[in-house]
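Colleague: prediction below, plus the sequence it came from.
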Amino acid sequence: MSSNTDFVLAVEGLTVSFDGFKAVNDLTFYVDENEIRVIIGPNGAGKTTVLDLICGRTKATDGSIKFRNRELTRMKEHDIVKAGVGRKFQTPSIYGDLSVFENLEISFPRGRSVFGALVFKRDEEVISKVHEVANMIFLGDQLDKQAELLSHGQKQWLEIGMLLMQDPDLLMLDEPVAGMSVGERQQTAELLRSIIKDRSVIVIEHDMQFVAQIADKVTVLHQGKILAEGSVDKVKNDPKVIEVYLGH
Amino acid sequence: MSYQGFRSLLPKKDLYSFLVLALILVVVLPLSLDIFRLNLVGKYLTYAFVAVGLVLCWGYGGILSLGQGVFFGLGGYAMAMFLKLEASDPESTKIQSTPGIPDFMDWNQITELPFFWEPFYSFGFTLLAIILLPTILGYIIGVAMFKRRVGGVYFAIITQALAAILTILIIGQQGYTGGVNGMTDLRTLHGWDIRTDNAKYVFYFVCVFLLFVCLFIAQFIRKSKLGRLLVAMRDKEDRVRFSGYDVSNFKIFVFCVGAIFAAIGGAMFTLQVGFMSPTLVGIVPSIEMVIFCAVGGRLSIIGAVYGALLVNFAKTSFSESFPELWLFAMGGLFIAVVMAFPNGLAGLYNTYAAPKVDAFFAKLFGKTPVSHSSPPTPLPSKPTNTKTESVTLPQGVVHEQ
């Protein structure tokens, strides 16, 4: 099948069909070390499905996904996380009944087995890491707050923070600025720029202004296939992209 | 355990609720009730084991099991089998056509003790079986369900079916199980008559002791990261999964813990009541157990004990006067709990009584209310355990499973 590469993520011939409908069809793309890749495309193009496939939530019908040359398509979700892939969901997925501190603490990569969780101790290492991440995501003074009480934007940040606790090599963000105010978008763009050091990021986003701010390379998906790929400027001026996506 | 470790396991507020419960169960009730009533309380307490397990499974983990009676029954029957064998020595069963086997086997034309009964001659094996049988069954059910991501209502229905299956099995195989009558006429434990008042006192205190052991285990789980993970899973299972946890393992674990608690309760039931029958393990008792837990407050392990005590007390007094109306009252109670006070008695207490009690103690001792004091911490915003409290019982938040 696929050969080994230098890429962080190598997706080759990836196909998934739901009752015959091919949501993702023979998709091939590669993500470099420390690259920010933005995936854009109209609704139903298969953007979220691609992330679902990479993180193991959906099983691929065909094709291969290699993360640092490890085949992910047959791995369990939690093993994919342990391999170094982190994923943020489209709607903020945080634990509303727990405090901000506890939300972050759960993502700390230690004590992930049943026994490990029973004997897990909240030591200095955990506490300082939580504080460090909380300060990055602008929630340093909200640690004791019940997460349910955060604003929508803060919840999005909290989930990004939970991923930072995991310290993944590949970070996947599904619409991180959806529903955010202009000010929050600005802050999020700064946040993303500060967290991408030493890791690769895949972002799904609709906001072209935001995309232009952060993207190294853009992939345009349409009906489960790649329509165009390249720099923001190249993609923006591509007539096919304007036709199916940007023109509207 | 270090003092610091103990304090983080049992912060003041929890410590006081443990102490109050201990005071009631160890001092107040034994001194104020005659042995008949105290024995009844002991019987109610055996259901508290199940309710505490349900707090962990259902309240924390969001796993609603409508088949806890199965595990209660496993523990109860294991203990009953041991006692029955002891009561069936050849001397006291010499009028049977096959002396030395339990009477119901003889009535069913069984002439030899079935192989799976043999090990129950040993008390050590019986105690081991009380712990291991529910663990194994819980593990099998857990793997079969949770690894396939069966949850919610489907899981509840399947566990309910299991309760029905076990009842049918016990009734159908009456030669091996005593059938619908159950195992009756249990007399001695190592030659010690379990029907005397003396024995009833001893069993009551053993029961209270074991209940506190279970409560401490539950408290330990609650306060560990596993407890917080359960709450997190109940809320956003996928987020936990994609944070690197094998969610099903945690569910299996907590389900097995609930099963073991229930089985210990069942064994104590047999010892205190003196028999075990299929009517105690089927669908109706299993649902009643959930109601005890819901009434007590499904997020409060101490509340679950009060829930089991109060509902059972109400059941006894109510069914003495209106036996046929009890099931309706029980149904009504369940609806009322779900609709009006979803966090049960513990929720009501925390909302209405706790502030007043705190204020009362503050006045009495001239101190600030205990539940809000926190020890000085090295880091300014280091979370303390009082915070965990506010999180596990958020007032006004309805926890859907």
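Modeller: Perfect, thanks for sending it.

Colleague: I'd assumed residue B:337 was in contact with residue B:294.
Modeller: Yes. Assessed by C-beta atoms under 8 Å, residue B:294 is found in contact with residue B:337 at 4.8 Å. For glycine as for every other residue, the C-beta is placed from the backbone atoms N, C-alpha and C.

Colleague: give me the residue at the spatial middle of the chain.
Modeller: All of this is about chain A. In chain A, the C-alpha nearest the mean C-alpha coordinate belongs to residue A:172, at 1.4 Å (C-alpha atoms, centre = their mean).

Colleague: let me rephrase: I mean chain B.
Modeller: Central residue of chain B (C-alpha atoms, centre = their mean): residue B:50, at 1.5 Å.

Colleague: what about that residue, distance to chain A?
Modeller: 22 Å (C-beta to the nearest C-beta, to the nearest Å).

Colleague: packing partners of the helix or strand where that residue lies?
Modeller: Element membership for residue B:50 (DSSP states H and E) is helix B:35-54. With contacts taken as 3 or more C-beta pairs under 8 Å, 6 or more residues apart in numbering or on different chains; DSSP states H and E, helix B:35-54 sits against helix B:29-32, helix B:68-87, helix B:197-223, helix B:247-273, helix B:283-296, helix B:301-321.

Colleague: tell me the angle of the third one relative to helix B:35-54?
Modeller: Our comparison of helix B:197-223 with helix B:35-54, counting by axes from the mean of the first three to the mean of the last three C-alpha atoms, to 10 degrees, yields an angle of 20 degrees.

Colleague: the next helix or strand after helix B:197-223 vs helix B:197-223, what angle?
Modeller: Downstream of helix B:197-223, the first helix or strand assigned by DSSP H and E is helix B:225-235. Relative orientation of helix B:225-235 and helix B:197-223, computed by the same axes, to 10 degrees: 70 degrees.

Colleague: distance of the residue sitting furthest away from the middle of chain A relative to chain B?
Modeller: Relative to the centre of chain A, the most outlying C-alpha is that of residue A:119, 30.2 Å out, by C-alpha atoms, centre = their mean. Residue A:119 is 7 Å from chain B, where distance means C-beta to the nearest C-beta.

Colleague: that residue touches residue A:110, doesn't it?
Modeller: No. Using C-beta under 8 Å, residue A:119 is not in contact with residue A:110; the gap is 10.6 Å.

Colleague: quick one, strands of chain A?
Modeller: For chain A, the strands defined by DSSP state E cover A:9-18, A:21-31, A:36-40, A:62-67, A:70-71, A:85-88, A:170-174, A:200-204, A:217-222, A:225-230.

Colleague: and residue A:123, which of those strands is closest to it?
Modeller: strand A:85-88 (22.8 Å; C-beta to C-beta).

Colleague: and the average pLDDT for stretch B:346-357 is what?
Modeller: Averaging pLDDT along stretch B:346-357 gives 85.

Colleague: now do the end-to-end distance for that stretch.
Modeller: End-to-end distance of stretch B:346-357 (C-alpha to C-alpha, to the nearest Å): 14 Å.

Colleague: how about it and chain A, touching?
Modeller: No. Stretch B:346-357 lies apart from chain A when judged by C-beta under 8 Å from any C-beta of the partner chain; the minimum separation is 13.9 Å.

Colleague: return the set of buried residues in that stretch.
Modeller: For stretch B:346-357, the neighbour count (16 or more other C-beta atoms under 10 Å in any protein chain shown) marks B:346, B:347, B:349, B:350, B:354 as buried.

Colleague: ok so, going back, hey, which of the strands of chain A is tucked in deepest?
Modeller: strand A:85-88 (a mean of 27; mean count of other C-beta atoms under 10 Å in any protein chain shown).

Colleague: C-alpha coordinates for it, PDB please?
Modeller: The C-alpha coordinates for strand A:85-88 follow below in PDB (Å, rounded to 0.1, in the frame of the first residue of the first chain):
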ATOM      1  CA  VAL A  85      -3.200  13.400  17.600                       C
ATOM      2  CA  GLY A  86      -5.500  15.900  19.300                       C
ATOM      3  CA  ARG A  87      -8.900  17.000  18.100                       C
ATOM      4  CA  LYS A  88     -11.200  19.800  18.900                       C
END
